[in-house]
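Trainee: Structure for this input, please:
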Amino acid sequence: MLNLMRHWWNQSIHQHKAMISDSQVKLQNRLRRKLFAGVVRKIHVHALKCCLSQLQTISRSLCTGVYSKTTGLPCFHKLLEIEEANGTLTPQDFHAHWWISYQDAPRVRPQLFLNRRLLPREDRRDDEVKRRGSRELE
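Mentor: So this is what the prediction gives:
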């Protein structure tokens, strides 16, 4: 039994190492631009490919920040601004989710709701219904 467990454990370690090496960019020609010089092998390949696809879209609309907030990736406007300034992306431009090494990622504490008025209305209604139900049982 122990040998079977050891074999399974070694297989999972090898798979994990393979996934990590795949996520680190084996510098593709498309990612050799100066824009990506600061994030290659620090940010996951999928995130960098999403940035490339963002650069290929031509968006003339104003930046609302929705794309960056929902994906954790820099939007077209920020990418274009950095590229026109001949700058490079930094890992801080990406949410910690996209970092390959989580030890280096900035730590963000989750928000705590200490005031009931800050909770969404649906959650408050659920609490009120539960309280009413317990009163009826008394």
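Trainee: Tell me the spacing between residue 72 and residue 52.
Mentor: To residue 52, residue 72 is 16 Å away according to C-beta to C-beta, to the nearest Å. Using the backbone N, CA and C atoms, a C-beta is placed for each residue, glycine as well.
Trainee: Once you drop chain neighbours, what's closest to residue 101?
Mentor: Residue nearest to residue 101 in three dimensions, not counting chain neighbours: residue 42, with 7.3 Å by C-beta to C-beta, 6 or more residues apart in numbering.
Trainee: And the strands in this protein?
Mentor: Ranges of strands in the chain, per DSSP state E: none exist.
Trainee: in it, which segments are predicted with low confidence?
Mentor: Low-confidence segments of the chain (pLDDT under 70): 1, 20-29, 102-138.
Trainee: Which parts of it are helices?
Mentor: Here the chain has its helices, by DSSP state H, at 2-23, 45-56, 66-71, 76-84, 121-137.
Trainee: which helices and strands sit right next to the first one?
Mentor: Taking 3 or more C-beta pairs under 8 Å, 6 or more residues apart in numbering; DSSP states H and E as the contact definition, the neighbouring helices and strands of helix 2-23 are helix 45-56.
Trainee: ditto for the fourth one
Mentor: Helices and strands touching helix 76-84, as assessed by 3+ C-beta pairs under 8 Å, 6+ apart, comprise helix 45-56.
Trainee: Identify the residues contacting the residue nearest to residue 101.
Mentor: 91, 99, 100, 101, 104 (C-beta atoms under 8 Å, 6 or more residues apart in numbering).
Trainee: Buried subset of these, written for PyMOL?
Mentor: Here is the PyMOL selection string for the buried members of those, based on 16 or more other C-beta atoms under 10 Å:
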select buried, resi 91+99+100
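Trainee: In a markdown table, list the contacts of residue 42 along with distance to residue 14.
Mentor: Formatted as a markdown table, the entries for the contacts of residue 42 read as follows, by distance: C-beta to C-beta, whole Å:
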| residue | distance to residue 14 |
| --- | --- |
| 91 | 27 |
| 99 | 23 |
| 100 | 18 |
| 101 | 19 |
| 104 | 24 |
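Trainee: what's the closest of the contacts of residue 42 to residue 63?
Mentor: Residue 63 lies nearest to residue 91 out of the contacts of residue 42, by C-beta to C-beta, at 21.0 Å.
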